[in-house]
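**Q** no letters, just coordinates:
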C-alpha cells in the first residue's frame with residue numbers, strides 16, 4: 001500500500017519557522033519528483049514547491065521564494081520543506097505529492113501521482 005505521510009506541522013507566530021517532512025513508502029519511487037501543495041480554508045489548492053528525483057532542480061511558487069527551502073533525503077523517498085519567516089497567509093493544510101512530473105508538477109496531474117493526507121500549519125499574527 002502506497003503511503004505518503006506528512007509531519008512537522010503546528011502553530012507558530014509570524015516570523016517563526018517550521019520544517020515539514022514527508023515520507024513515502026509502499027513502492028519504488030525511482031524517477032519521481034516530490035513536492036508540496038497547500039490549501040487554506042475556502043480556497044483552492046495551491047502549488048508551493050517541487051524537487052526533482054535527483055534533487056538538482058528545485059521549483060518554488062513566487063509567494064514562498066526566499067522563505068521556503070525544499071530538499072530531499074538521501075534515501076530519495078523523503079522530502080522536506082523548511083519554512084522560515086512564516087506569515088499568517090501561509091496558514092493552510094500542507095500536502096505532499098509524488099509525481100513523475102517535476103517542473104510541471106504544479107500545473108498538471110497524472111494517473112501516477114500520489115498524495116499525502118496533509119498536515120496543518122497555522123501562523124498567527
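**A** Alright, I've got the coordinates. Worth saying up front: this structure is predicted, and the values here are computed from it rather than measured. Residues are numbered from 1 along each chain as shown.
**Q** okay, and the beta partners of the residue nearest the centre of the chain?
**A** For the chain, the residue nearest the mean C-alpha position is residue 36 (2.0 Å; Cα atoms, centre = their mean). Counting by DSSP bridges, residue 36 forms beta bridges with residue 49, residue 96.
**Q** contacts only, for it.
**A** Contacts for residue 36 (Cβ atoms under 8 Å, 6 or more residues apart in numbering) come out as 20, 22, 48-50, 70, 79, 81, 94-97. All C-beta atoms are positioned from the backbone trio N, CA, C, and that covers glycine.
**Q** repeat that for 6 Å
**A** 48-49, 81, 94 (Cβ atoms under 6 Å, 6 or more residues apart in numbering).
**Q** in this structure, which spans are strands?
**A** 3-7, 10-13, 18-25, 33-39, 46-51, 58-60, 68-72, 78-83, 92-99, 114-115, 119-124 (DSSP state E).
**Q** neighbouring contacts of the first one?
**A** Spelled out, it's strand 3-7. Here strand 3-7 makes contact (Cβ under 6 Å, 6+ apart) with 21-26, 96, 114, 116, 119.
**Q** determine which two of the contacts of residue 36 are furthest apart.
**A** Farthest apart among those by Cβ to Cβ are 49 and 94. That separation is 10.2 Å.
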